[in-house]
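Peer 1: my questions are about this predicted structure, shown below with the sequence.
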Amino acid sequence: MKNKLQRLLVITGLFIGICFVAYQLFDSFILLTLFLEAVSFFLCGYLVLIDKRPSTAKIAWLFTILFFPYMGLLLFFLIGNNPVFRRFSSVQKENERLLHQGMDRLLKEHPEIFSEPYSISKELTYLSGNEPLSGNQITHLSDGEQAYQELLRDLKTAKHHIHLMYFIYKADETGRELAEVLIEKAKQGVEVRFIYDSVGSIKLPFEFIDRLKEAGIFVRAYDLVNSPSLSTRINWRNHRKMVIIDGRIAHIGGMNLGNEYRSITNKFAYWRDTNLKIIGPSTIYVQYVFLLDWLFLNEDDQALNPFFQDQEHYFPLEKVSSDAQTEICQLIFGGPYDSERTLRDSIIELFGKAEKSIQIATPYFVPDEESLSVIRRAARCGLKVQLIIPGKGDRGISYYGNNSFIDRLLSAGVEVYAYDSTAFLHCKYLIVDGQVASVGSTNFDMRSFHLNHELSAFLYGPSAVVSEIQSQFEEDLRHSKRLTSEAQKKRKVLTIVKERLSEFLTPLL
C-alpha cells in the first residue's frame, strides 16, 4: 500500500464488512434496533448531564444521534469523544513537567529578555503562562513563494539541528525539494527531527517517509490513525506549522508544505498566506512547543535529557543587536487536551480591550457563541470591525459555514469582505487598534479553539512589523469585495439551505 490513507481505507472496509456480516447473522432486527436505541438514549443522557463540550456541539450531536441513530452512533464513535478524557502515560506527564520546569529555570536565568508589560500583554500572560519577550527581529512574509524560499535559505545554514512540525506535508515538487535539503543536512551531521500530523498528511507515501528515516532523520507521526480502534483520535489534530533552526531561527504561521501554498495550483490563481520568521529570544518558546509535541510522541523517561544538557545549542538566548529594529513577541499556544481554551480566551480578551478597531482575516470563520457575541458587541458599540473571508472556498462545508454567519455580522455593523474569488485566502491574522497583531496557525473557528493544537504570535506595537501587517490588511481589502445585506437577500434558496446545514454540522467537526 502506498500510504496511510490506503491502509486505513482497507482496514476500515474490513471492519465494516465484519460488522455487516454480524448484522446479517443477528437473529432479530427488532432486537438490534432496540439495543441501538437504548445506546442512543444513554449516550444522549451522558451528553446532557456529564459531557462538558460547548452547548452548540451538544445540540448538534443530540440531533444527529436521535434522528440518524446508526450513522449518528458511528460518527460519535469516530469523532465525538471528548478530548478531556484522553489518558496520558506517567512518562508523558513527567516529561512535560520537567520540560516546563526547565523552561522556567531558563527564563529566570535571563531576566534581560523580558519586555516591559503592556496592560494587555500582562493579562495574556496570566491566561497563557507565557511572557512577552523583547529583542526579536521579526520578518513578515505575506507571499507563499517568498516564505518558502526564505525557509530554504535558512535550512541550508543549519549547523546543529533542524526541528519541523507540519499539519500537511505533501510529497509533491515542493515537499520533495525541501526533503532533499533535510537529507543533505542529515548527511552533514545535523540533527533533523520531523513531525507530521497523521491525518493532515495521511497521503504522505511510505517510501517518502522511509527515505527520510534511512538518511538518519527522526520522523514521528502525530497521533497515528491506522485502524478503526485508533480512529477515536481522528478529530484531535496538531494544526501547528513551525520550523526551528539551531534554536536561533523560527518560522511559524499558516503555511503548510505543498505546491498550493506557493500558488502552484490549478484550483486557485493565487494562494494568499502569511508566515513569520523570528530571530531572537522568542524562538525558545517555539522550541518549547516543538519539544512538547516531540515528547508527547516519545514515551522514554530519558527523552528530555539531551535538550537541556546541551542548552547552549537548543536554547541559545541571543538578543538582536540594539542597533536593529526589534520587536516584542508573545507566543501563545494551546490544544484539545488543555483544561482551558487558552488561545480562544486570549483573542477574546484582546478584542475586549479594543478601543478603535478590530480587523480579522481568516479562511475559516466558524465562531462559538461567545466569540461571535464579542465581535458583534464591539461593532454595536461603535468600533470599526472588519472581517475578510474567502470568496471561494477550498471545502464546501467550511465555505458555506463561513457564509452562514454573514447576516448576523452585517446586522451588528461588522464590515464583511469576500476575498478575490479566483484566489484562496488561507492566512490567519488579526489586528486590534493598529497596535497589536496576531499571526499563526489559528483559524477563527471552533476547530482551532477547541479541537486543534495551535500556535500564534502576538506582536506589540507601535513597531515596523505591526505596521507591515496593518498595511497588508489594507492591501487584502483592495482585493476583496464588501458584502451587503441587499446582496444577501438575493441568495438562492439552495445556497441558504447549504449554509444552514453547514452551520449546524460544523460543531460536530
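Peer 2: Arrived safely, thanks for sending. Keep in mind it's a predicted model, so treat the numbers as computed, not measured.

Peer 1: surely Asp300 touches Gln92?
Peer 2: No - at 10.1 Å, Asp300 and Gln92 do not qualify as touching, with contact defined as Cβ atoms under 8 Å. Quick note: C-beta positions are derived from backbone N, CA and C, even for glycine.

Peer 1: who's more crowded, the two?
Peer 2: Set side by side, Asp300 and Gln92 show more neighbours around Gln92, with 17 against 10, by other Cβ atoms under 10 Å.

Peer 1: looking at this, that one is in a strand?
Peer 2: No - Gln92 is assigned helix when assessed by DSSP: H, G, I helix; E, B strand; the rest coil, not a strand.

Peer 1: residue contacts, it?
Peer 2: 295-296, 299 (Cβ atoms under 8 Å, 6 or more residues apart in numbering).

Peer 1: burial measure for Val436, as a count.
Peer 2: Neighbour count for Val436, taken as other Cβ under 10 Å: 22.

Peer 1: cool, and Pro205?
Peer 2: Look at Pro205: counted by other Cβ under 10 Å, it has 16 neighbours.

Peer 1: enumerate the beta-bridge partners assigned to it.
Peer 2: Each beta-bridge partner of Pro205 is listed here, defined by DSSP bridges: Asn3.

Peer 1: isn't it right up against Ala171?
Peer 2: Yes - assessed by Cβ under 8 Å, Pro205 is found in contact with Ala171 at 5.4 Å.

Peer 1: shared neighbours of those two, anything?
Peer 2: Counting by Cβ under 8 Å, 6+ apart, Pro205 and Ala171 have no shared contacts at all.

Peer 1: nearest spatial neighbour of His163, skipping sequence neighbours?
Peer 2: Of all residues beyond its chain neighbours, the one nearest His163 is Ile244 (4.3 Å), with distances taken as Cβ to Cβ, 6 or more residues apart in numbering.

Peer 1: what kind of secondary structure is the one you found in?
Peer 2: Bear in mind the rule, three-state DSSP; under it Ile244 is strand.

Peer 1: which ones are touching it?
Peer 2: With contacts defined as Cβ under 8 Å, 6+ apart, Ile244 is in contact with 161-163, 250, 283, 286-287, 290.

Peer 1: mind checking which of those land in helices?
Peer 2: With helices identified by DSSP state H, the entries of the contacts of Ile244 that belong to them are 283, 286-287, 290.

Peer 1: Val465: which of these is nearest?
Peer 2: Thr283 (15.2 Å; Cβ to Cβ).

Peer 1: which of the contacts of Gln92 lies closest to Ala38?
Peer 2: Lowest distance from Ala38 to the contacts of Gln92 (Cβ to Cβ) belongs to Phe296, with 36.9 Å.

Peer 1: returning to that earlier point: most neighbours among the contacts of Ile244, which one?
Peer 2: Highest neighbour count within the contacts of Ile244: Ala250, with 29 neighbours (other Cβ under 10 Å).

Peer 1: need the pLDDT of it.
Peer 2: According to the model's per-residue confidence, Ala250 sits at a pLDDT of 98.

Peer 1: just checking, what packs against the helix or strand harbouring Phe63?
Peer 2: Secondary structure from DSSP states H and E places Phe63 in helix 55-67. Using 3 or more Cβ pairs under 8 Å, 6 or more residues apart in numbering; DSSP states H and E as the contact criterion, the secondary-structure elements in contact with helix 55-67 are helix 29-49, helix 69-79, helix 493-505.

Peer 1: quick one: the helices in the stretch 101-250 of the chain?
Peer 2: 119-128, 144-155, 173-187, 206-214 (DSSP state H, counting those that start in this stretch).

Peer 1: adding mean pLDDT, write the ones you listed out as a markdown table.
Peer 2: As requested, these are arranged in a markdown table below (pLDDT from 0 to 100):
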| stretch | mean pLDDT |
| --- | --- |
| helix 119-128 | 86 |
| helix 144-155 | 97 |
| helix 173-187 | 97 |
| helix 206-214 | 95 |
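
Peer 1: can you list these in JSON lines and add mean neighbour count and distance to Ser456?
Peer 2: Output for the helices of the stretch 101-250 of the chain, formatted as JSON lines (neighbours: other Cβ atoms under 10 Å; distance: least, Cβ to Cβ, whole Å):
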{"stretch": "helix 119-128", "mean neighbour count": "16", "distance to Ser456": "10"}
{"stretch": "helix 144-155", "mean neighbour count": "18", "distance to Ser456": "16"}
{"stretch": "helix 173-187", "mean neighbour count": "16", "distance to Ser456": "23"}
{"stretch": "helix 206-214", "mean neighbour count": "14", "distance to Ser456": "28"}
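
Peer 1: so which of those is nearest Gly413?
Peer 2: With distances scored as Cβ to Cβ, the stretch of the helices of the stretch 101-250 of the chain nearest to Gly413 is helix 119-128 (23.5 Å).

Peer 1: give me the distance from the closest one to the chain's centre.
Peer 2: Distance, stretch centre to chain centre, for helix 119-128: 21 Å (Cα atoms, centre = their mean, to the nearest Å).

Peer 1: just the CA coordinates of it, formatted as CSV?
Peer 2: The C-alpha trace of helix 119-128 is given here as CSV (Å, rounded to 0.1, in the frame of the first residue of the first chain):
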residue,chain,number,x,y,z
SER,A,119,-1.7,46.1,30.0
ILE,A,120,-3.0,43.5,27.6
SER,A,121,0.2,41.5,27.4
LYS,A,122,0.2,41.2,31.2
GLU,A,123,-3.4,39.8,31.0
LEU,A,124,-2.5,37.4,28.3
THR,A,125,0.5,36.3,30.4
TYR,A,126,-1.9,35.4,33.2
LEU,A,127,-4.1,33.5,30.7
SER,A,128,-1.4,31.6,28.9
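
Peer 1: make 6 the starting number, not 1.
Peer 2: Shifting the count to begin at 6 puts that one at helix 124-133.

Peer 1: what does it contact?
Peer 2: 120, 122, 135-137, 333, 335, 337-339, 345, 347, 350-351, 354-355, 358, 441, 463, 465.

Peer 1: could you export the helices of the stretch 106-255 of the chain as TSV, including distance to Ser485?
Peer 2: Formatted as TSV, these follow (distance: least, Cβ to Cβ, whole Å):
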stretch	distance to Ser485
helix 124-133	28
helix 149-160	18
helix 178-192	27
helix 211-219	37
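
Peer 1: so which of those helices comes closest to Arg277?
Peer 2: Using Cβ to Cβ as the measure, helix 149-160 is the one of the helices of the stretch 106-255 of the chain that comes nearest Arg277, at 8.0 Å.
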